[in-house]
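> this is the structure alone, sequence omitted:
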Ligand code: ADP
Ligand code: ADP
Ligand code: ZN
């Protein structure tokens with residue numbers, strides 16, 4: 001499985017990408033997670049990325065394409081991958097096409113998860129992420145069994161700095177202007193599957209797996 005998840009921040013891309021990862025033994029490539037790790041470790045990439053992330057802006061395309069090109073060439077991505085949060089611009093989509101052409105492969109599917117603005121704000125405001133394994137929680141909709149502790153690995157849960165209201169608004173604007181046009185780009189290639197993202201995590205998973213059955217039929 002070689003799939004991409006598109007959708008505004010908080011749509012549930014990371015949550016649903018995890019289900020595909022488990023089902024297909026594909027590797028989940030979350031560019032946001034990779035960047036946040038680089039920021040924590042203060043690598044050269046992390047230092048360059050931090051100022052963009054803090055403002056809710058996109059990290060420059062050339063850095064992102066290079067990062068994903070390196071990641072997709074690693075052994076664990078050979079069986080398949082689920083990209084969550086990349087591409088986010090037309091230049092990144094072109095970059096991805098070139099990367100895949102290079103290794104003689106192509107995308108199977110692009111899922112676009114759609115959620116109205118009001119729901120996005122609720123989801124982002126309560127989002128918690130495991131520092132160690134990246135598992136996603138929500139204080140109301142998907143709480144961990146013990147507050148602040150990951151069910152899967154016991155790691156510490158934290159709230160992302162960019163899930164503050166001012167930054168959320170900037171990120172939503174960036175999504176509308178730079179990322180949303182990619183749905184047309186992939187629709188024209190016949191790869192787009194639109195998924196209604198309103199409902200419980202399990203309901204959305206049901207829709208995702210239904211779409212997969214249709215693709216595989
Ligand atoms: P969300 O899950 O809320 O959609 P991500 O974790 O994917 O957010 O991304 C968080 C931030 O990391 C973005 O606001 C942006 O600054 C940066 N980022 C992640 N992926 C990309 C990308 N493909 N291109 C540019 N910037 C990115
Ligand atoms: P994205 O990767 O698109 O930014 P996430 O998968 O991180 O989105 O989800 C954002 C937040 O909303 C997380 O706290 C997650 O637990 C929660 N969430 C995801 N899907 C749903 C859903 N269908 N209903 C309620 N909350 C959800
Ligand atoms: Zn964990």
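Received the coordinates, thanks. No experiment lies behind these values; they were computed from the predicted model shown. Numbering: from 1, shown residues only. Ligands and ions are numbered 1, 2, ... in the order given.
> show me where this protein has its strands.
2-6, 27-30, 81-84, 109-114, 127-130, 136-138, 157-158, 192-196 (DSSP state E).
> elements contacting the second one?
Packing contacts for strand 27-30, counted by 3 or more C-beta pairs under 8 Å, 6 or more residues apart in numbering; DSSP states H and E, involve helix 13-24, helix 61-72, strand 81-84. Heads up, the C-betas are built off the backbone N, CA and C, glycines and all.
> up against ligand 2, what does this protein have?
7, 9-15, 123, 126-127, 136-138, 141-142, 199-201, 204 (C-beta under 6 Å from any ligand atom).
> average pLDDT for the lengthiest helix in the chain?
Assignment by DSSP state H gives helix 201-216 as the longest helix of the chain. Across helix 201-216, pLDDT averages out at 95.
> again, but for stretch 108-116
96.
> what does that stretch rub up against?
1-8, 10-13, 16, 123, 183, 186, 191-198, 204, 208, 211-212, 215 (C-beta atoms under 8 Å, 6 or more residues apart in numbering).
> give me the neighbour count for residue 180.
For residue 180, the count of nearby residues is 15 (other C-beta atoms under 10 Å).
> same check, this time on residue 91
Using other C-beta under 10 Å: residue 91 sits among 15 other residues.
> just the closest residue of the chain to ligand 1, please.
Using C-beta to the nearest ligand atom, residue 32 is the residue of the chain that sits closest to ligand 1, at 1.9 Å.
> spatially nearest residue to that residue (excluding sequence neighbours)?
Closest residue in space to residue 32, ignoring its immediate chain neighbours: residue 85 at 4.8 Å, by C-beta to C-beta, 6 or more residues apart in numbering.
> please report how far that neighbour lies from residue 146.
Between residue 85 and residue 146 the distance is 28 Å, computed by C-beta to C-beta, to the nearest Å.
> those two: which is more packed in?
Remark: of residue 85 and residue 146, residue 85 carries more neighbours, 22 against 10, as counted by other C-beta under 10 Å.
> and that one, how close does it get to residue 106?
Distance from residue 85 to residue 106, by C-beta to C-beta: 20 Å.
> ok, and what's touching the longest helix of the chain?
Taking C-beta under 8 Å, 6+ apart as the rule, helix 201-216 contacts 12, 15-16, 19-20, 23, 108-109, 111, 113, 141-142, 193, 195-197, 199.
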